[in-house]
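# Need a 3D model of the sequence below.
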Amino acid sequence: MGKIKVAIAGIGNCASSLIQGVEYYKDVAADDALVPGLMHNVFGGYKVSDIDFVAAFDVDKRKVGKALNQAILEKPNNTKIFQNVTKWKDVIVQKGPVLDGIAEHMAEYPEDESFRADENQKPVDVATALKDSGAEILMNYMPVGSQKATEYYAEAALDAGCAFLNCMPVFIVSEPSWEKKFIEKGLPCAGDDIKAQIGATIMHRTLARLFADRGVKITGTYQLNVGGNTDFLNMARHHRLKTKKISKTEAVQSNLPAPLPADKIHIGPSDYIPWIKDQKICFCRIEGEKFGNIPTNIEVRLSVEDSPNSAGCTIDGIRALKIALDRGVSGALTSISAWTMKHPKQQFSDPVAREMVEEYIKGKRER
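Residues are numbered from 1 along each chain as shown. Have a look, this model is predicted:
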């Protein structure tokens, strides 16, 4: 089937887990055997080992200029290392523009915990670098709240003729004016805001749907998340959280027969705890009324390593975009976005979205 040439903007924990995973699963057979950790061993004919990273961009002085397999180990990354990466020594991390990619309050925290840019390092022209690398797909892993930086990388993808995988909660793929740009360029895109493979959003959606399917009226719900990675540190300022809260809330609301009033649902990060590193802990409560309007509630505590959760979904998103490129499909990919993203262009229940993906792989639906 050939290689899938991928560029990554933002070499943080999520990128680290993805890159480790591509090497970890390199010897997986080219069949449909069940492989622990993968939703699809082979996706439309493409194996995990067909993914090849050809360009990388970051702003942190500890990563810029380093080989990609080394940069993923640099601070402030703190996710678990489960695979020694020996490939991509020739892919050197280039500096992208900072714009709003580093929150002002990062300077208040120790260097090991936060981003540090070198003002003397000149940023490259990302569109030109993408063309030079031969990249087919650009993944966006900018920090939460990086509106300008995400828009810059989306424009760079358009200029370079790359498909765009938007893993962050800046609304590009789900925004009609942006999707139109990708259609005009004949390019596919998928997004926005990656779901975890097994995370707070997918768990909350599933439980909320269970209540609704079993005739229980939900009267209130909350989801509180704490973590110790730079994503949680970045979200310590609420003004950077606006689109993240919208994305996570809509992901749950869309799974209900009728949306809850705004004062009956609360979803969002609550605190940064540095010593738990890339672990994310979710506290979820759903209250409802069952037969005879008798109250019932459920409380769940979920603990996950955050970044491998992201990689479990992006590894399919990459291959879905490659299939779209092969087929000449442009614009937002409905199926993979609904299945793997919190804020797709169109929301579907998870069982329906999963079936849509299977139909897309088989060529029974265009997108």
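# When you work out contacts or count neighbours from here on, use the C-alpha atoms and nothing else.
Fine.
# can you map out the strands along the protein?
Along the chain, counting by DSSP state E, strands occupy 4-9, 42-43, 46-47, 51-58, 93-95, 137-140, 163-166, 188-190, 217-227, 265-272, 279-289, 295-305, 331-332.
# Least confident of these, on average?
Mean pLDDT per stretch puts strand 265-272 lowest among those, at a mean of 86.
# Could you tell me which strands sit next to that one in the sheet, and their orientation?
strand 217-227 (parallel) (DSSP bridges).
# Tell me what angle the partner strand forms with strand 279-289.
170 degrees (axes from the mean of the first three to the mean of the last three Cα atoms, to 10 degrees).
# Show residues contacting strand 217-227.
200, 204, 208, 211-212, 232, 260, 264-274, 276-290 (Cα atoms under 8 Å, 6 or more residues apart in numbering).
# Over to stretch 284-303?
For stretch 284-303, the surrounding residues in contact (Cα under 8 Å, 6+ apart) are 199-200, 204, 208, 211, 215-224, 279-283.
# Now do the buried residues in it.
284-290, 303 (16 or more other Cα atoms under 10 Å).
# What of stretch 205-221?
Of all the residues in stretch 205-221, those buried under the rule 16+ other Cα under 10 Å are 205-209, 211-212, 216-221.
# Quick check: residue 245 vs residue 170, distance?
In this view, residue 245 and residue 170 are 11 Å apart by Cα to Cα, to the nearest Å.
# Between these two, which is the more surrounded one?
Between residue 245 and residue 170, residue 170 has the larger neighbour count (other Cα atoms under 10 Å), namely 28 against 17.
# and that one, how far is that from residue 210?
Counting by Cα to Cα - residue 170 and residue 210 are separated by 29 Å.
# cool, residue 26 as well?
Applying Cα to Cα, the value for residue 26 to residue 210 is 37 Å.
# try residue 142
Counting by Cα to Cα - residue 142 and residue 210 are separated by 33 Å.
# and residue 88, how many neighbours does it have?
Around residue 88 there are 16 other residues, counting by other Cα under 10 Å.
# try residue 103
When neighbours are counted by other Cα under 10 Å, residue 103 registers 21.
# and if you look at the one 10 residues further on?
Residue 113 is flanked by 19 other residues according to other Cα under 10 Å.
# what's near enough to touch the closest residue to it other than its chain neighbours?
Spatially, and ignoring its direct neighbours in sequence, residue 113 is nearest to residue 76 (5.1 Å; Cα to Cα, 6 or more residues apart in numbering). Listed by Cα under 8 Å, 6+ apart, the contact set of residue 76 reads 12, 111-115, 230.
# ok so, going back, can you tell me which of the buried residues of stretch 205-221 is nearest residue 137?
residue 205 (29.3 Å; Cα to Cα).
# Summarise which helices and strands the longest helix anywhere in the chain is packed against.
The single longest helix within the chain, with elements called by DSSP state H, is helix 306-327. Helix 306-327 sits against helix 13-24, strand 42-43, strand 137-140, strand 163-166, strand 188-190, helix 334-340, with contacts defined as 3 or more Cα pairs under 8 Å, 6 or more residues apart in numbering; DSSP states H and E.
# try it again with 7 Å
Contacts defined by 3 or more Cα pairs under 7 Å, 6 or more residues apart in numbering; DSSP states H and E place helix 306-327 against helix 13-24, strand 188-190, helix 334-340.
# Need the winner for burial among the ones you listed.
Among the helices and strands packed on helix 306-327, the stretch with the highest mean neighbour count (mean count of other Cα atoms under 10 Å) is strand 188-190, at a mean of 31.
# so what does it touch, helix or strand wise?
By 3+ Cα pairs under 7 Å, 6+ apart, strand 188-190 packs against strand 163-166, helix 306-327, strand 331-332.
# No further queries at this time; thank you.
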